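Enquirer: here is a sequence with its predicted model. Questions after.
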Amino acid sequence: MNMPLISNHFKDRKPSSIRQAQIKFSKRQDKKEVRVINLAIGNVSLPIHPSMKKRMENLGNKDPFSGGKVPYTSTIGLKETRNAFLKAIATLDIDVTNLFINITDGGSSSMEIMMLGVCGPSSKNPIMLLDPSYTNYIQFCKRLDIPVLSTNRRLRDDGTFATLNFNKILDMVKVK
């Protein structure tokens with residue numbers, strides 16, 4: 001039997017720099033003695049929302065989670081879920097009339113979808129990242145072959161970043 005062909009995208013796909021560092025660290029012999037400061041924005045442990053906790057405690061009821069099962073839904077997500085996000089966003093005095101909510105499996109998936117939607121794969125249209133930028137965004141751009149425009153910002157002695165130079169940013173985005 002012939003092996004199926006795999007795209008270069010999948011052949012070349014590697015974990016993000018952050019994930020690679022975590023993998024490398026997990027193999028260290030002295031990892032229990034090292035004090036780790038996790039600066040990644042992912043894997044945040046937060047309390048469960050009260051309404052979700054209430055549902056978990058009442059799994060025997062006739063609701064979408066009855067019997068401890070989470071039903072498979074379409075990629076777009078349940079209408080009820082999308083409406084809940086719209087309601088939450090509307091509380092910020094944002095008009096949600098024409099807003100589309102897409103449910104993903106995390107921030108990384110959302111960013112890749114956004115980059116593909118805004119710039120397209122193997123794009124001539126760059127994306128601008130205002131430094132400091134999240135490491136994964138740069139990795140996504142490399143993987144999707146999307147050029148990056150970025151600004152340099154000086155890190156001050158007090159640990160804060162210098163303000164953005166808006167004139168430089170305007171010069172970078174002017175159509176030539």
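Expert: Everything's here; your move.
Enquirer: and the protein, what are its domains?
Expert: Listed by automatic domain parsing, the domain ranges of the chain are 49-103, 105-176.
Enquirer: which parts of this structure are helices?
Expert: Applying DSSP state H to the chain gives helices spanning 8-12, 17-26, 50-57, 79-90, 107-118, 135-144, 166-173.
Enquirer: and the last one, what's its mean pLDDT?
Expert: Looking at helix 166-173 alone, the average pLDDT works out to 87.
Enquirer: same check on the fourth one?
Expert: Model confidence over helix 79-90, given as mean pLDDT, is 89.
Enquirer: confirm for me that P121 is in contact with C141.
Expert: No - proximity of P121 to C141 does not meet the contact threshold set by Cβ atoms under 8 Å, at 10.7 Å. Any C-beta I mention is one placed from the backbone N, CA and C, and that applies to glycine too.
Enquirer: pick out whichever of the two has more residues nearby.
Expert: Neighbour count, other Cβ atoms under 10 Å: between P121 and C141, C141 has more, with 22 against 12.
Enquirer: and S123, what does it touch?
Expert: Residues near S123 by Cβ atoms under 8 Å, 6 or more residues apart in numbering: 144-147.
Enquirer: how does it look with 6 Å?
Expert: By Cβ atoms under 6 Å, 6 or more residues apart in numbering, the contact list for S123 reads I146.
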